[in-house]
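Novice: Sequence plus predicted model, see below.
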Amino acid sequence: MTETSMKIKLPVACFLVQIILIILFGVLVEYDVNTDAKLWHAKVGNDSNYENEFYYRYPSFQDVHVMIFVGFGFLMTFLKRYGFSSVGFNFLVAALALQWATLMQGFFHGMHHGKIHINVESMINADFCTGSVLISFGAVLGKTSPVQLLVMAIIEVTLFAVNEFILLGPLGARDAGGSMTIHTFGAYFGLVVARVLYRPNLDKSKHKNGSVYHSDIFAMIGTIYLWMFWPSFNSAITAHGDDQHRTVMNTYYSLAACTLATYGMSAMVCHEGKLDMVHIQNAALAGGVAVGTAGEMMLTPFGSMIVGFLAGIISVLGYRFLTPVLESKLKVQDTCGVHNLHGMPGVLGAIVGAITASTATRDIYGDGLADVFPAVADGTYDASTQGVRQAISLAVTLGIALLGGLITGFILKLPIYGAPPDTACYEDALYWEVPGEEESNGELATVKTEEAEKLNG
Amino acid sequence: MTETSMKIKLPVACFLVQIILIILFGVLVEYDVNTDAKLWHAKVGNDSNYENEFYYRYPSFQDVHVMIFVGFGFLMTFLKRYGFSSVGFNFLVAALALQWATLMQGFFHGMHHGKIHINVESMINADFCTGSVLISFGAVLGKTSPVQLLVMAIIEVTLFAVNEFILLGPLGARDAGGSMTIHTFGAYFGLVVARVLYRPNLDKSKHKNGSVYHSDIFAMIGTIYLWMFWPSFNSAITAHGDDQHRTVMNTYYSLAACTLATYGMSAMVCHEGKLDMVHIQNAALAGGVAVGTAGEMMLTPFGSMIVGFLAGIISVLGYRFLTPVLESKLKVQDTCGVHNLHGMPGVLGAIVGAITASTATRDIYGDGLADVFPAVADGTYDASTQGVRQAISLAVTLGIALLGGLITGFILKLPIYGAPPDTACYEDALYWEVPGEEESNGELATVKTEEAEKLNG
Amino acid sequence: MTETSMKIKLPVACFLVQIILIILFGVLVEYDVNTDAKLWHAKVGNDSNYENEFYYRYPSFQDVHVMIFVGFGFLMTFLKRYGFSSVGFNFLVAALALQWATLMQGFFHGMHHGKIHINVESMINADFCTGSVLISFGAVLGKTSPVQLLVMAIIEVTLFAVNEFILLGPLGARDAGGSMTIHTFGAYFGLVVARVLYRPNLDKSKHKNGSVYHSDIFAMIGTIYLWMFWPSFNSAITAHGDDQHRTVMNTYYSLAACTLATYGMSAMVCHEGKLDMVHIQNAALAGGVAVGTAGEMMLTPFGSMIVGFLAGIISVLGYRFLTPVLESKLKVQDTCGVHNLHGMPGVLGAIVGAITASTATRDIYGDGLADVFPAVADGTYDASTQGVRQAISLAVTLGIALLGGLITGFILKLPIYGAPPDTACYEDALYWEVPGEEESNGELATVKTEEAEKLNG
């Protein structure tokens, strides 16, 4: 039994966590009025089924679901020998995180006589929280064992729920698409974890930290799905009617503008004016991140496009110039460059949100003001205060993410999770039974397995 | 002209079947009130378009559609040299089956003055029936010609419709997600066909019965889409409102719990504690199968998670220990392991459905009882009788599947369909024009074609 | 700096175009009543949010969106060394085209006090127009620089909007799924561009103009998504209720019949009765194209299946016999065979639409006549006139497409866009930083880069 073997560690972790989750669901979770047979029929009789929350949100939920499992999962398959782990650990971590998030968010969003009431909105929120964990996963991709990832998920989901509660509760912030709660939080949390888990000898696996031709095309599956469904992501939990509709449209145009900026910048900064797949796969998405907060507001397509355009530029510049510095100077080995895709665009999104909020007036929003800024609409405070609260929310998010990542990093550093050695990072064969590359390469596959065994030993 | 050539066989089969289908549609099929311009406008005037069945079910339909064509199709691309056939024959068989299913189900679900009325629900049901055929396809994958598959589809769809009619009609069973009608039926039908088509010398193609690195990632596309959209599958034809909503949620949590169980079990039973892609690709889906019957009931997330957890465990154990025995002792060569993904979890789902049904009370369901158990709600029989009828339905399904598969197997054994020789199973080149693997391998491709010609000869 | 370098050309094109677009959006574009907070709440108060256009069309929009970005993008990845460009340029061109289309279509569909009002329908229409550009891209695939494609997109979108305006405005034609406006227009426009850009020495890149095993499977991702979501495409902008519902169903059955015809024909016309991936990837979709006009009419599933069946046959025959002739005799190098998938089936669809329209009666459509043929319903002209107008629309479309393509071709021929030399067509390495094929092929990748540098030089 080698140190990195998952034969005992992973079953123990999975079964223990899952059994606890089942018990907690048994004790705490109930159908809400939209999903309980008795309550729903008592409410609407046999008519008006179309008013069930299901029909307003399920299509959006499914798009978000695709982003979480296909989008994030395949985006990370760009590594030449880490495709199984990228999709597979993404799958495992997400399956855990969404359950734990249901409980944590249910707890903080308000219990009903000691019970958590759930419906499609809970599922969307759970998927959102999961997304944040997967962003952090991107920062440590290739350098962690699945057990480490499960532990990280449990802690991060918990802190996510705390941060989300502070922002949406006491601070009264708006953040429907999660520029702050999801992207900024997930990115900086993951970056600090990566910093604490810094591997000075990671260059031993350097030849595996790159793509091959087909793996880059697999990764584009992830990119394109994230890009297409981002409008659903940002609008999934906004208010019914114009709010969902407007958020979708703002996000659509922001992403389009971001894409042109990304291609232009990529050709400008790269060797010989060629396009770099890393930029296309990632920076073209920054426009979705950057309208995560303001997307539901009356940002206008014009405003959205400006934001998307800036986000694309910032993101490509980050990949080209900042990521190498982060690694060499700050010792942050950010595998997927989440700082460029989620970190900086998330902060940009928070700032845009604060500015947009501070300019909200009843003249612009009419009676729709109550949907977007309820506290402004009912006179609890004015729009500029809303803007200040948005800005404070960004600071709180950064604080909790940095501190939480720090603690989590040290917990993950304990030598009990079967983390990969420096020589076997970015390598599926450590945790997976891996077949050969091609039909004719039976021997190659055997060689690789032997190599992996050596790495284990 | 070699024996396995499709130059005459396949065109004859396709054109003959398609022309008959067109004629039958011309004679028998009509728009229903939701799809006929005159009838719909006579019903609702120009208002209330939102009450058209379309808006309740079309998003679910599209998710199911993705499962049938992408989910099943790509799940089977795991074989190294059978990707064209996996996706391509899946496509062909499904395109036929959904047309024939529309007629067969329309016939059994009740004609209107000699006409079959169709709408989005017909399309969902046709896709469901198609799913059952594709499950059987998984059992014989790599060992059949496309003409054999078309013949199998025609017979299986017919028997599926008969079985479905007996269950949902006279027996009054509930099976919205098809644990019995789709999964149990499709699996055992396919297993018996595989048994009858047993090839003692299949080891001649053994080196092709496996995956390569990229083919396993293609297969994960199938897995992830099936996993994500399974909530839509189980809820697609449940009653409007709380029923669809609840079914989605139960399935979501069942699958999540199943996934953790799958990863835990896989690491536990595999060599050196590594994860096996076969388990992840398949067993993680068993949670969807196993709540196919009870998903629409008040199973609660707690109950769903227990069911999913058990399904994942059973399924991995099946792959690890039962499949080899099935092959060596019972001579069932189950290529995709459908017994582990659809067979056992389907039976589990039927049992869970019977138990859950037998505990239904008006106290729990309120007026929603009429949606889920109409016969119990109107007093035709009590809940425990419903449970017994559910159990009988499982037995009927098994009986029709086993007998139908037996007869079908012998029909498919006739030496007229161009079945592949033992030496050319799991090989695309027999039925497809196949290019080389890589740019530089032009010669390799030629060699392969020559090899295929030898196999044909 | 080589001639094909994008270091300056692409950034200039992207930034210039994007900044102009942002300014024009700022000046011209406004939320409509469905998306503006104030207007929507003034209209419906806090009730009836389910009547927001969003809920009728957003699921369809997302399906269309997937077709544009995944469907078209991946369909073109069949080339062995052009996967980055296929998905990546598709992405870039689409991101530009949808923005420009919003403005052009908004302009022609009618301004409101000098402003363009947008909602989800604008987004669908913009995606539709983008689809037309991507069809043309298919004809010139592998032979153009990204800057050429951007220029083509700008001109084609403009002419698309003009043609669409003439058809749907003055001519009063119906073409919900775009057999004429999208498919016929895009195909013949692209074919003429390809003709003007004819490369007599293209055989220098001939060895790259083909697929490898995995690239054909990537392409099937595109095919299957197009096939599955085509019902959403044809129905996305039809009237609410029965119209959307009926269009979906007609398209579903047309595609199914088309698929069987395609498989039968492919085996019939190919070497040794084997199936050709090119046919399956493309011809199986012709059934969706061919009911693009008549799909919303009372075509019946019977009629739809006949149309789909014919479309599949025509399309396979086109690939097998017509495409080689087009290239050798007419000097049209149609990379993807868009003439077979979009050209001929589009014309077929237009004819079917004209015939179906001319037989429309109030007896068949009831009060639904006003939805499908408003001018016939209100007595402006009779059904046979509608049919004639449909036929004229086809002629107008062909005229504008051919003339527009001609002019565009000559504009694209200017030697300023960095078009690839004859020796480097169908090759990603000219415009992309390309990694090696396999882990062990580090040297190969280097060699390829050097080769590309030579090509540039």
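Specialist: Arrived safely, thanks for sending.

Novice: The residue positioned nearest the centre of chain A: what's it in contact with?
Specialist: For chain A, the residue nearest the mean C-alpha position is A:Gly131 (2.9 Å; Cα atoms, centre = their mean). A:Gly131 sits next to A:Val64, A:Met67, A:Ile68, A:Phe72, A:Gly178, A:Ile182, A:Gly186 when contact means Cβ atoms under 8 Å, 6 or more residues apart in numbering or on different chains. C-betas here are computed from N, CA, C, even on glycine.

Novice: Closest one of the residues you listed to A:Pro421?
Specialist: The nearest member of the contacts of A:Gly131 to A:Pro421, counting by Cβ to Cβ, is A:Phe72 at 26.0 Å.

Novice: so the residue nearest to that closest one when sequence neighbours are not counted is in which element?
Specialist: Excluding its sequence neighbours, the residue lying closest to A:Phe72 (Cβ to Cβ, 6 or more residues apart in numbering or on different chains) is A:Leu134, at 4.3 Å. In the assignment (DSSP states H and E), A:Leu134 maps to helix A:120-140.

Novice: Please could you give me each C-alpha atom of that helix, formatted as CSV?
Specialist: Output in CSV follows, covering the C-alpha atoms of helix A:120-140 (Å, rounded to 0.1, in the frame of the first residue of the first chain):
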residue,chain,number,x,y,z
VAL,A,120,-35.4,24.4,-7.7
GLU,A,121,-34.0,27.7,-6.3
SER,A,122,-32.1,25.7,-3.7
MET,A,123,-30.7,23.5,-6.5
ILE,A,124,-29.5,26.6,-8.4
ASN,A,125,-27.9,28.1,-5.3
ALA,A,126,-26.3,24.8,-4.5
ASP,A,127,-24.9,24.6,-8.0
PHE,A,128,-23.7,28.2,-7.7
CYS,A,129,-21.8,27.4,-4.5
THR,A,130,-20.4,24.3,-6.2
GLY,A,131,-19.1,26.6,-9.0
SER,A,132,-17.1,28.5,-6.5
VAL,A,133,-15.4,25.4,-5.2
LEU,A,134,-14.6,24.4,-8.8
ILE,A,135,-13.0,27.7,-9.4
SER,A,136,-10.7,27.0,-6.5
PHE,A,137,-10.1,23.5,-7.9
GLY,A,138,-8.8,25.2,-11.1
ALA,A,139,-6.1,27.0,-9.1
VAL,A,140,-4.8,23.7,-7.6
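
Novice: Could you check the lengthiest helix in chain A and say which residues are buried?
Specialist: Scanning chain A for the longest helix, with DSSP state H as the assignment, gives helix A:383-413. For helix A:383-413, burial by neighbour count (16 or more other Cβ atoms under 10 Å in any protein chain shown) applies to A:383, A:386-387, A:389-391, A:393-394, A:396-398, A:400-401, A:404-405, A:408-409, A:412.

Novice: And the pLDDT at the residue nearest to the centre of chain A?
Specialist: pLDDT recorded at A:Gly131 is 98.

Novice: And A:Ala290, by the same measure?
Specialist: Reported pLDDT for A:Ala290: 98.

Novice: Quick check, pLDDT for the residue lying closest to it once chain neighbours are set aside.
Specialist: Spatially, and ignoring its direct neighbours in sequence, A:Ala290 is nearest to A:Ala311 (3.8 Å; Cβ to Cβ, 6+ apart). pLDDT recorded at A:Ala311 is 98.

Novice: In terms of helix, strand or coil, where does A:Ala311 fall?
Specialist: Secondary structure assignment for A:Ala311 (DSSP: H, G, I helix; E, B strand; the rest coil): helix.

Novice: so how many other residues sit close to it?
Specialist: Residues lying near A:Ala311 (other Cβ atoms under 10 Å in any protein chain shown) number 32.

Novice: With A:Thr359 instead?
Specialist: A:Thr359 - counted by other Cβ under 10 Å - has 13 other residues nearby.

Novice: Now do the helix holding A:Leu134 against helix A:383-413: the angle between them, please.
Specialist: Helix A:120-140 and helix A:383-413 are oriented at 60 degrees to each other (axes from the mean of the first three to the mean of the last three Cα atoms, to 10 degrees).

Novice: Tell me who's in contact with the residue nearest to A:Ala290.
Specialist: A:Ser254, A:Cys258, A:Ala261, A:Ala286, A:Gly287, A:Val289, A:Ala290, A:Pro345, A:Leu348, A:Gly349.

Novice: quick one: low-confidence parts of chain A?
Specialist: A:1, A:46, A:437-457 (pLDDT under 70).

Novice: So which residues of it form strands?
Specialist: Under the criterion DSSP state E, chain A contains strands at A:29-31, A:116-118.

Novice: I'd like these as TSV, with distance to chain B appended.
Specialist: Output for the strands of chain A, formatted as TSV (distance: least, Cβ to the nearest Cβ, whole Å):
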stretch	distance to chain B
strand A:29-31	5
strand A:116-118	7
